[in-house]
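Engineer: sequence plus predicted model, see below.
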Amino acid sequence: MSTVANNLSNVFATPDSPYRNLLEMIPLPLAIFSGAEAIFVNRATCVLMEAESVEELLGLPPAAFVHPLDTAIVEDRMRKLEEGAAVNAPVALRVLTRRGRVRRITTSSARVAVGSEFLIAIISTDDTMRYEAENRLKENEENFQRLFESTQDVYYRTDANGVVLNVGPAVRRVLGYEPEEMAAGARRTSIPARTSANH
């Protein structure tokens, strides 16, 4: 395996190598491992890992690319490939960058035959922005729900078709009904479409 790794490392290290140029063109983070060390990473991997250079990542084991809490997942996936599995299905993981920041990725890995030996190729997508947007949306919804439940006025929310989604708890104090009763009754009487109403 070391001979294969050395030969391929030389191929990938050559600036005008067609293999290297082809892999560099891939816009997604890609790393190739021989045994327990990275022998090639593309520029997108350096961006993901916040590495100053490719050399900073070469020679590292796969587990060094992820958050310590996800190391066991990576080691298990690598073991399956080493035992003969052709591919590992995509999985969501956390990356700990060289600057100590956490990023979210979805990653797939595959066993690539090279003569009688094999390499492992790992390709990923950076899902950090999507995770952050989802977390902000969830936080905004939770904040709205707290406000909705604590207001002293009777509020209800509908969808675009006028279907009542929920009724604020103040309806108990003001009208003597449970929110669920009001929502069920409003659905039957078809309230005009609007996002909220104050009674």
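Structural biologist: That came in fine, so what should we check first?
Engineer: which secondary structure element of the protein has the lowest mean pLDDT?
Structural biologist: strand 196-198 (a mean of 46; mean pLDDT, DSSP states H and E).
Engineer: distance between the longest strand belonging to the chain and the chain's centre?
Structural biologist: Determined from DSSP state E, the single longest strand within the chain is strand 102-114. Centroid displacement of strand 102-114 relative to its chain, using Cα atoms, centre = their mean, to the nearest Å, is 13 Å.
Engineer: repeat that for stretch 40-60.
Structural biologist: The answer for stretch 40-60 is 19 Å, by Cα atoms, centre = their mean.
Engineer: check stretch 137-144 too.
Structural biologist: 20 Å.
Engineer: then stretch 116-135?
Structural biologist: Worked out by Cα atoms, centre = their mean, stretch 116-135 lies 7 Å from the chain centre.
Engineer: contact partners of it?
Structural biologist: The list of residues contacting stretch 116-135 from outside it, by Cβ atoms under 8 Å, 6 or more residues apart in numbering, reads 1, 4, 8, 26, 28-34, 39, 48, 62, 78, 81-82, 92, 103-112. Every C-beta, even on glycine, is put in place using the N, C-alpha and C of the backbone.
Engineer: quick one, which of these are buried?
Structural biologist: Neighbour-count burial (16 or more other Cβ atoms under 10 Å) applied to the contacts of stretch 116-135 gives 4, 8, 29-34, 39, 48, 62, 78, 81, 103-105, 107-109, 111.
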